[in-house]
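In: Provided below are the primary sequence and the corresponding predicted coordinates.
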Amino acid sequence: MFLPEVEANPQPSPTTDLIRVAQSAGAEYPQIWHMFAYRAQASAHLGACTQEVMRGEGPLSAGIRELIAAFTSFYNDCLF
Amino acid sequence: MAHIRLSEELPGIRGLFDFRPETAKPLCELADVLLHAPGTLSPGERELIATYVSSRNDCFYCQTSHGAIAAHHLGGDEELVQQVKRDFEQAAVSDKLKALLAIAGKVQRGGKNVQPEDVERARRQGATDREIHDTVLIAAAFCMYNRYVDGLATWAPSDPAAYRGRAAIVAESGYLGIPRDIAAAQAGR
C-alpha cells in the first residue's frame, strides 16, 4: 500500500473490528478494508449504494448482479 | 435521448437521481463527503480534481457542472478551470495540486497506472496521506459517476452558462440537498 497513514489510522467502524479479528487470528484479509476503515463515513455511503444496487428490490437476482460486478472487475483487471 | 425513460426536465445525473432515489441518496452523500465537507484541500481544489477527471472521461455534463462549481469556489475564474482541463501543469494552481491532478489522471486511465514516484512527487509538494487518499477516491468515484451519466445517455444543456445558477447553490450548500429536493418534487407530482 502506498499510504502508511491509511493503514495506521483506522476510524471506529465495523471494518475496523473485522481487521482486528483477522489480525488476531493471523488471517489474510483484503487491503481495501484499511481504506474502508480510514474514511469510515465515505465507506458507509459507498456501502449503502452497493447494498442498494446489489441487494435492493429488483428483477435481477443477487447472483446475476454479482456476476455483472465480477465481469466488470475482471475486465478492469481488479483481482479482488 | 436517454437509453431509459427519465424525467425530461432533469439533465445529467439529476435525471438518474430522480429515477432511482434509493441510490441517489448515498451517491450524493459520498459526493458531499468528498467535495464539500471540511478538509485540508479546499472545495475549489477538490472540484477541480472532479472536473479534470470528468473531462478526461469526456463526460460533458459532469465536467461542465463541476467545472461551474469549481469556478464559483474560485471567485468565478472559469478560465482557470479551462486551463486545468487543457494542461494543468501550466495552470496557475499550486505544485501540490498539480501533483494530485497527475495522480487523478493516472487513476482515470486505470488504478494500476499510479506509480510510487507519482505518490512521492505529491508527498514532496506537501500532500498528506489523507489528501492523496481522497484524490484517488475522488478520481475513482468520478469515473463511476461519469460512466453512470454517459452509460445511460442522459441529456445535458450545451450552454455552459446554463450551469452557473445551480453551481452557485451546490457550491454554497453542498450535495445533501439534492436528494431532498428530488423527493420534494416527486411528492408534488
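Out: Nice, I can see it.
In: Now the residue nearest the centre of chain B: closest residue in space, sequence neighbours ignored.
Out: Geometric centre of chain B, nearest residue: residue B:50, 3.3 Å, by Cα atoms, centre = their mean. Counting by Cβ to Cβ, 6 or more residues apart in numbering or on different chains, residue B:50 lies nearest to residue B:66, which is 4.6 Å off, once chain neighbours are set aside. The way it works is simple: take the backbone N, C-alpha and C, and place the C-beta from them, glycine included.
In: what sits against that neighbour?
Out: Taking Cβ atoms under 8 Å, 6 or more residues apart in numbering or on different chains as the contact definition, residue B:66 lies against B:35, B:47, B:50, B:51, B:54.
In: Next, find the distance separating it from chain A.
Out: Distance, residue B:66 to chain A, by Cβ to the nearest Cβ, to the nearest Å: 18 Å.
In: Spell out which residues of chain A are next to chain B.
Out: A:2-6, A:35, A:38-39, A:41-42, A:45-49, A:52-53, A:56, A:76-78 (Cβ under 8 Å from any Cβ of the partner chain).
In: Would you mind writing the PyMOL command to select the buried ones in those residues?
Out: Selecting only the buried entries of those in PyMOL, with 16 or more other Cβ atoms under 10 Å in any protein chain shown as the criterion:
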select buried, chain A and resi 2+3+6+35+38+39+42+45+46+47+48+49+52+53
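In: still on that earlier bit, ok, the residue nearest to the centre of chain B touching residue B:138?
Out: Yes - with contacts counted by Cβ atoms under 8 Å, residue B:50 reaches residue B:138, the gap being 5.7 Å.
In: quick one: common contacting residues for the two?
Out: B:34, B:35.
In: Enumerate every residue touching residue A:26.
Out: Residues near residue A:26 by Cβ under 8 Å, 6+ apart: none.
In: So what does it have for phi and psi?
Out: Note on residue A:26: backbone dihedrals following degrees, to the nearest 10 are phi 70, psi 20.
In: Pull the CA coordinates from the helix or strand where the residue nearest to residue B:50 lies and hand them back as PDB.
Out: Here residue B:66, judged by DSSP states H and E, is contained in helix B:60-73. Taking Å, rounded to 0.1, in the frame of the first residue of the first chain, the C-alpha atoms of helix B:60-73 are listed here in PDB:
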ATOM      1  CA  PHE B  60     -19.800  16.700 -20.800                       C
ATOM      2  CA  TYR B  61     -22.400  17.000 -18.100                       C
ATOM      3  CA  CYS B  62     -20.100  16.300 -15.200                       C
ATOM      4  CA  GLN B  63     -17.100  18.400 -16.400                       C
ATOM      5  CA  THR B  64     -19.400  21.300 -17.100                       C
ATOM      6  CA  SER B  65     -21.500  21.100 -13.900                       C
ATOM      7  CA  HIS B  66     -18.500  20.500 -11.600                       C
ATOM      8  CA  GLY B  67     -16.400  23.000 -13.600                       C
ATOM      9  CA  ALA B  68     -19.000  25.600 -12.800                       C
ATOM     10  CA  ILE B  69     -19.000  24.700  -9.100                       C
ATOM     11  CA  ALA B  70     -15.200  24.900  -9.100                       C
ATOM     12  CA  ALA B  71     -15.300  28.300 -10.800                       C
ATOM     13  CA  HIS B  72     -17.800  29.500  -8.200                       C
ATOM     14  CA  HIS B  73     -15.400  28.500  -5.400                       C
END
